[in-house]
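Q: dropping the sequence and predicted coords here.
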Amino acid sequence: MVLLVGWLVARLVYLQLAKAATPVQAPGGSPRVDTLEVIKTTLTVLAFAGALLTGLYAYRKQRLAEGDASRADAQQFADRYSKSAEQLGSEQAAVRLAGVYAMARLADDWRTQRQTCIDVLCAYLRMPYQPREAEGHRPGEDQVRKTILKVIIEHLQDDVATGWGRADFDLTGAILEDASLSGAVFGGRAVFSKVQFQGPTHILDTTFLTDAVFDEAEFTDDVSFGGSRFLCGSSFKSSHFKSVAMFGEAEFVGESWFSAATFGQESWFSNSSFRSGASFYQTRFCGESHFDGAIFSGRAWFGQGLFVGDCSFHDATFAGVALFTSAELSGRPWFGQATFRASASFANASISPEGVDALTEATFLAGVERGPFIAPQP
């Protein structure tokens, strides 16, 4: 590059001097060379060439300096990463806590490797963990893990300057105690498959912009997803809610899957909205289940579901096909003021005589397959 520019400058100087030195026809007819003009042209061209070369040199120097600075920054980031990872592996809880904050700060500063730093924090939570009461518990480990989750959620709030909203989070198999994800906005994929949520869990007003996966997750205590929004697919297949589960006013925009899930106690989906298909196929509701005011815009599939306790669909709206085929409604069902705008099927459903009467309180606008009904087993 430098040689090319130098050649161009030299060529320009040569052409300008040649032009200035070209003899001029004098009035008397004899050519002459204007020496003063040649000198002026030479000085002008040399000044221009000097300025150009000076600028080129400065540019080249700046690029070299920037390259050195970039390499220095990369080395500094690498050193910080190694130090943070080393701290996370310390036997002392205080040092591990320092490593958590150091890795989080590095994720803020090192944008190109932010996902890598986040993956390290998620991997820490996926490591085997013994709770406080269990044998083999490391002192202070519960605080380290809670701090990691707290740092992650703080970086997923809307008002955070340095957010991690576009990152993916894979917490498969992690053990999370007293977890709170409330108010977080997950822009990347959020995977909580096989996570053990121990203690009360709060996932209120949380937004999932892409897929949210809770397959085979276990909630040992009360959990609330109230007001949360699932804008893409959401999956709770084979998940186990041992205590009260609250999804009131939750919004499911994409397909939602609760197939083969188990709700050990009360479950609340009141005023929730299912914009696409909702599958509760083979789902077990061991306590009371509430779908009052829920809106099912797509297909609602409760086939082979088990409702041990009372279930209420009061004022619910089924805009798509509703399937309760082969479902077992052992408790008392409530369908008062429920509206079925598309076809509905209760074929081969196990339902009490009181439940059959309850269906008469619903409005079926496109026909319903009511039988044959099978009396539930005592």
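A: Received the coordinates, thanks. For clarity, every value in this text was computed on a predicted model and none was experimentally measured.
Q: in the protein, where is pLDDT below threshold?
A: Scanning the chain for pLDDT under 70 picks out 1-73, 160-161, 371-378.
Q: what about the helices in it?
A: 2-20, 35-88, 93-109, 114-126, 141-154, 353-359 (DSSP state H).
Q: summarise which helices and strands the shortest one is packed against.
A: Put plainly, it is helix 353-359. When contacts are defined as 3 or more Cβ pairs under 8 Å, 6 or more residues apart in numbering; DSSP states H and E, helix 353-359 packs onto strand 333-334. The C-beta positions use only the backbone N, C-alpha and C, and glycine is treated the same way.
Q: how close does Val321 sit to Leu171?
A: The gap separating Val321 from Leu171 is 35 Å, by Cβ to Cβ, to the nearest Å.
Q: which one of those two is surrounded by more residues?
A: Neighbour count, other Cβ atoms under 10 Å: between Val321 and Leu171, Leu171 has more, with 22 against 18.
Q: and that one, how far from Glu86?
A: 23 Å.
Q: also Ala322?
A: The gap separating Ala322 from Glu86 is 57 Å, by Cβ to Cβ.
Q: His240 against Ala261, yeah?
A: Yes: here His240 reaches Ala261: they are 7.2 Å apart, a contact under Cβ atoms under 8 Å.
Q: so for these two, which residue has more residues nearby?
A: Comparing His240 with Ala261 by neighbour count (other Cβ under 10 Å), the higher total belongs to Ala261, at 27 against 18.
Q: thought the more buried one was touching Phe241?
A: Yes: if you go by Cβ under 8 Å, Ala261 and Phe241 touch, sitting 7.2 Å apart.
Q: burial count for Leu121?
A: If you count neighbours by other Cβ under 10 Å, Leu121 ends up with 23.
Q: check contacts around it.
A: Residues counted as contacts of Leu121 (Cβ atoms under 8 Å, 6 or more residues apart in numbering) are 100, 103-104, 107, 148, 151-152.
Q: ditto for Ala294
A: Counted by Cβ under 8 Å, 6+ apart, Ala294 has contacts 269-274, 313, 316-317.
Q: hmm, try it at 6 Å
A: Contacts for Ala294 were tallied using Cβ atoms under 6 Å, 6 or more residues apart in numbering; they are 269, 272, 316.
Q: number of residues surrounding the second one?
A: Residues lying near Ser272 (other Cβ under 10 Å) number 26.
Q: that one and Ser180, how far apart?
A: 21 Å.
Q: for the last one, same thing?
A: Between Ala316 and Ser180 the computed distance is 30 Å (Cβ to Cβ).
Q: try the first one
A: Between Phe269 and Ser180 the distance is 21 Å, computed by Cβ to Cβ.
Q: more crowded one of the two?
A: Ranked by neighbour count (other Cβ under 10 Å), Phe269 and Ser180 place Phe269 first, with 26 against 17.
Q: could you pull up phi and psi at that one?
A: Per-residue torsions, Phe269: phi -120, psi 30 (degrees, to the nearest 10).
Q: surely it and Phe291 touch.
A: Yes: using Cβ atoms under 6 Å, Phe269 makes contact with Phe291 at a distance of 4.8 Å.
Q: OK, contacts around the nearest residue to Gly99 once chain neighbours are set aside?
A: In this structure, Gly99 finds its nearest non-sequential neighbour in Gln87, 2.9 Å apart by Cβ to Cβ, 6 or more residues apart in numbering. By Cβ under 6 Å, 6+ apart, Gln87 lies in contact with 95, 98-99.
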